[in-house]
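> Sequence and predicted structure below; questions after.
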Amino acid sequence: MSAAPPSGEDAAPGGAPRPSGLRNPGAAVRGLGAGTLVLEAIVLLLAIQPIRVLGGHLSGWGVGAVVLLAVACVVVAGSMRRRWAWHAGTAIQVLLLACGLLHWSLAVLGLIFGAAWAYATHVRRTILG
């Protein structure tokens with residue numbers, strides 16, 4: 001028995017089957033990266049007050065750094081169509097890990113979101129090649 005040719009829904013424009021099975025793999029990957037960064041921004045902003053209340057000595061500079069990282073996450077999430085945005089997202093993860101010098105809980109968040117970002121970049125490489 002011969003294999004049936006790919007149908008129009010499962011075929012790429014050139015007639016070859018899509019390796020990922022997604023209709024628009026680029027948009028799916030951008031959505032994953034943007035979603036990760038937006039979630040990170042929300043968690044960073046929500047973490048400020050518990051750190052300050054539960055014995056963290058997060059100064060005004062520390063709060064400013066966390067807010068700046070959250071704003072950077074949102075800006076980069078909105079720029080995921082640009083090729084540099086993936087590198088900027090990686091830089092944000094490194095900066096968040098470095099903010100662990102301000103408070104240990106920021107280092108923990110840096111590890112958690114660094115792992116999530118590493119997974120997002122792995123998915124990007126797997127799907128887009």
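Arrived safely. Residues are numbered from 1 along each chain as shown.
> Same question for the top helix by length along the chain: list its buried residues.
Secondary structure of the chain read by DSSP state H shows that its longest helix is helix 25-53. Within helix 25-53, the residues scored as buried using 16 or more other Cβ atoms under 10 Å are 25, 29-30, 32-34, 36-38, 40-41, 44-45, 47-48, 51. Where you see a C-beta, it was placed from the backbone N, CA and C, and this is true even at glycine.
> ok, of the residues you listed, which one's closest to Trp117?
Nearest to Trp117 out of the buried residues of helix 25-53 is Thr36 (Cβ to Cβ; 6.1 Å).
> Look at the closest one and report its pLDDT.
For Thr36, the pLDDT comes out at 97.
> Check the buried residues of helix 25-53 for the minimum pLDDT and say which it is.
Minimum pLDDT for those is recorded at Ile51 (84).
> Pretty sure that one sits against Leu102.
No. Applying Cβ atoms under 8 Å, one finds Ile51 not in contact with Leu102, separated by 9.1 Å.
> would you list every one of the helices in the protein?
With DSSP H as the criterion, the chain has helices spanning 25-53, 60-78, 84-98, 104-128.
> so Cys99 sits right up against Ala107, yeah?
Yes. With contact defined as Cβ under 8 Å, Cys99 reaches Ala107; the gap is 7.4 Å.
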